[in-house]
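> got a sequence here, can you model it:
(one chain, ligands or ions: 1)
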Amino acid sequence: MVSRDCFFFVMGDALICWDFKNHKQYQLSAEHAKRLVSIVYDRTCNDSNDTLLKDLKHCKVVVDATRDESTWGWDILSRIFHLGTKDVALENQPNNAHEWATQYLEHCTDVLSETTPTETLGPNGHGIQLPTSNTTDEFDRILRQRATVRTFHHSPIPMEELGRILQQTLGFVDGRTLSSAEGGVEQFAKRRSSPSAGGLNATEGYVYVANVEGVEPGVYLYDPHMHQLHWRNQLAPRLGDLLSGQHFANDIPAGLFLTSRFDKLWWKYEHSRAYRMALVEVGHVAQTFQLAATASGMNTWLTGALNECSIEALLELENASEQVLFFVGCGYSDGSAIPDCLKSLLKNN
Ligand SMILES: Cc1cc2nc3c(=O)[nH]c(=O)nc-3n(C[C@H](O)[C@H](O)[C@H](O)COP(=O)(O)O)c2cc1C
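Numbers count the residues shown, from 1 in each chain. Modelled structure (predicted):
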């Protein structure tokens, strides 16, 4: 059968096959294209002397019909996008902080050599002038203080602080329960401090604990019902190996891998548009985590550059119905946005 991990499109006068799961593209000759069509309609794919078929099998465009265990509850659009942007292998994933800094500097040089995009509105001064707020209340202070940092002290986080941040981020808010009169199903009546698509609370948090007082280092699933941590796994030796080689993050004392239970969204919303909602919901939760950690006197770091395969093994995610989407970390810091490895490279250049 033709692999369900491929899609086809026309570019100029060629038919292109994009194996989105394995991140490979092939330009098909007319003969290969015709052979492929015959496989779709006539299901003739067992002739061992057929060189066209051999080529298509070799590239895994045609595969043996195996039972596909991975259900996908939306239409094909989101499947192509999600799998096609997952496990994007870096050609040379940095193996340490110095390699990361070198590659990042090269990347910045390349980007800056291109014309910068324009702002939506230039400062033309013709808009309606709004009053400026001069409040400096606690909320305002936290908003101003929230910033992405890339250096972390080795000091541990007290367990109470971690508990508070998790409760504020993923815990359910007392007294905010949707009644059945409001159309609620009991299972999905609970509310968090962040909004949730369809009220399903599809976002789950797996807590990364490297240096928290009184908690054994490891990865835990957070239970928002009981406000408890459930042991999942030992830590990977270096966090950066899971996050596209961003090794400056290795010292982060605690964090959250945010996943989405796609199956909850599949249940309520059929169209791939709901996939976007999963991403947006995780973004809300990540922001709440950052504000909660900032209110605790910490700084935060975040990334979506994930090595999903390795993270899935760590979190013990077993099928497509729950997918990891983001990581947010927190800890005490000197507030520097530039990691030490990049600072020393800049100094020596
Ligand atoms: C969706 C998203 C993905 C990001 N990914 C990374 C990342 O992979 N690595 C990193 O160091 N910072 C990452 N950042 C942080 C941004 O670089 C940072 O927010 C930006 O420079 C603005 O700085 P501020 O957060 O201090 O205001 C990400 C931010 C967002 C919103």
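
> report the contact partners of residue 232.
For residue 232, the contacting residues are 206, 218, 219, 220, 221, 314, 315, 316, by CB atoms under 8 Å, 6 or more residues apart in numbering. No exception for glycine: its C-beta is placed from N, CA and C like everyone else's.

> tell me how many other residues surround the last one.
Using other CB atoms under 10 Å as the criterion, residue 316 is surrounded by 11 other residues.

> for this protein, what's the longest strand?
In the chain, taking DSSP state E as the definition, the longest strand is strand 322-331.

> strands paired with that strand, and their directions?
Strand partners for strand 322-331, identified by DSSP bridges, are recorded as strand 254-261 (antiparallel), strand 299-303 (antiparallel).

> and the last one, what's buried?
Just to be clear, that refers to strand 299-303. 299, 300, 301, 302, 303 (16 or more other CB atoms under 10 Å).

> helix or strand next in line after it, which one?
For strand 299-303, the following helix or strand on the C-terminal side (DSSP states H and E) is helix 308-315.

> in that next one, what's buried?
In helix 308-315, counting by 16+ other CB under 10 Å, buried: 308, 311, 312, 314, 315.

> mind putting the strands paired with strand 322-331 in TSV, mean pLDDT and distance to residue 233 included?
Output for the strands paired with strand 322-331, formatted as TSV (pLDDT from 0 to 100; distance: least, CB to CB, whole Å):
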stretch	mean pLDDT	distance to residue 233
strand 254-261	98	11
strand 299-303	98	20
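
> indicate which one of those strands is closest to residue 88.
strand 299-303 (13.2 Å; CB to CB).

> could you pull out the helices for the stretch 151-300 of the chain?
159-170, 262-268, 273-295 (DSSP state H, counting those that start in this stretch).

> anything in the longest one near the ligand?
Going back to what we said before, that points to helix 273-295. No: Helix 273-295 does not reach the ligand (CB under 6 Å from any ligand atom); its nearest approach is 7.0 Å.

> who does that helix touch, helix- and strand-wise?
helix 76-84, helix 138-145, helix 159-170, strand 203-209, strand 254-261, helix 262-268, strand 299-303, strand 322-331 (3 or more CB pairs under 8 Å, 6 or more residues apart in numbering; DSSP states H and E).

> next, the angle strand 322-331 makes with the fourth one.
Here strand 203-209 points in a direction 50 degrees away from that of strand 322-331 (axes from the mean of the first three to the mean of the last three CA atoms, to 10 degrees).

> for strand 203-209, name the packing helices and strands.
By 3+ CB pairs under 8 Å, 6+ apart, strand 203-209 packs against helix 159-170, strand 218-223, strand 228-233, strand 254-261, helix 273-295, strand 322-331.
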